[in-house]
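J.: Coordinates for the following, if possible.
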Amino acid sequence: LDFVLEEDFRKTGKCNLDIAPTEFFPAGFGWIHQKDNTIGQLLNREFIRMQQTGLLRKWKLKYWPKPNVCTSGGKKSKTK
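T.: The predicted model follows:
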């Protein structure tokens, strides 16, 4: 959702979209693999390790859209 907000803001210069302040339907992600395959255990272990070592946070800081007027709390538009 952060990427959609950023793309819309870049295109229009306005805060047309917003993210609800409360989470009402938490959703995760998953993957499908062949039954009895150990890849699921491997992926779980590695994702946990990436989270615990701060790698996921580092990637988010590097690649996630930076806060703009729409996402940082100030809902004023750049264009008037």
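J.: Every contact and neighbour count from this point should use C-alpha atoms.
T.: Fine.
J.: Please give the centre-to-centre distance between the lengthiest helix in the chain and its chain.
T.: When the chain is parsed with DSSP state H, its longest helix is helix 39-52. Centre-to-centre, helix 39-52 and its host chain are 19 Å apart (CA atoms, centre = their mean, to the nearest Å).
J.: And that helix, what's buried?
T.: For helix 39-52, burial by neighbour count (16 or more other CA atoms under 10 Å) applies to G40.
J.: Run the angle between the very next helix or strand once past it and helix 39-52 for me.
T.: Proceeding N to C from helix 39-52, the next assigned helix or strand is helix 55-63, under DSSP states H and E. Using axes from the mean of the first three to the mean of the last three CA atoms, to 10 degrees, one finds that helix 55-63 and helix 39-52 are set 70 degrees apart in direction.
J.: can you pull the buried residues of helix 55-63?
T.: Buried, per 16+ other CA under 10 Å, within helix 55-63: nothing.
J.: Which strands and helices lie in contact with it?
T.: If contacts are counted by 3 or more CA pairs under 8 Å, 6 or more residues apart in numbering; DSSP states H and E, helix 55-63 sits against no helix or strand.
J.: Please save the CA atoms from it in PDB.
T.: C-alpha atoms of helix 55-63 as PDB (Å, rounded to 0.1, in the frame of the first residue of the first chain):
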ATOM      1  CA  LEU A  55      18.200  -7.400   7.400                       C
ATOM      2  CA  LEU A  56      14.500  -6.900   6.600                       C
ATOM      3  CA  ARG A  57      14.500  -3.600   8.400                       C
ATOM      4  CA  LYS A  58      17.600  -2.500   6.500                       C
ATOM      5  CA  TRP A  59      16.000  -3.400   3.100                       C
ATOM      6  CA  LYS A  60      12.800  -1.500   4.100                       C
ATOM      7  CA  LEU A  61      14.800   1.600   5.000                       C
ATOM      8  CA  LYS A  62      16.700   1.300   1.700                       C
ATOM      9  CA  TYR A  63      14.000   0.400  -0.700                       C
END
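J.: next one: it to chain centre, how far?
T.: For helix 55-63 - counting by CA atoms, centre = their mean - the centre lies 10 Å from the chain centre.
J.: And the contacts of that helix?
T.: For helix 55-63, the surrounding residues in contact (CA atoms under 8 Å, 6 or more residues apart in numbering) are M50, Q51.
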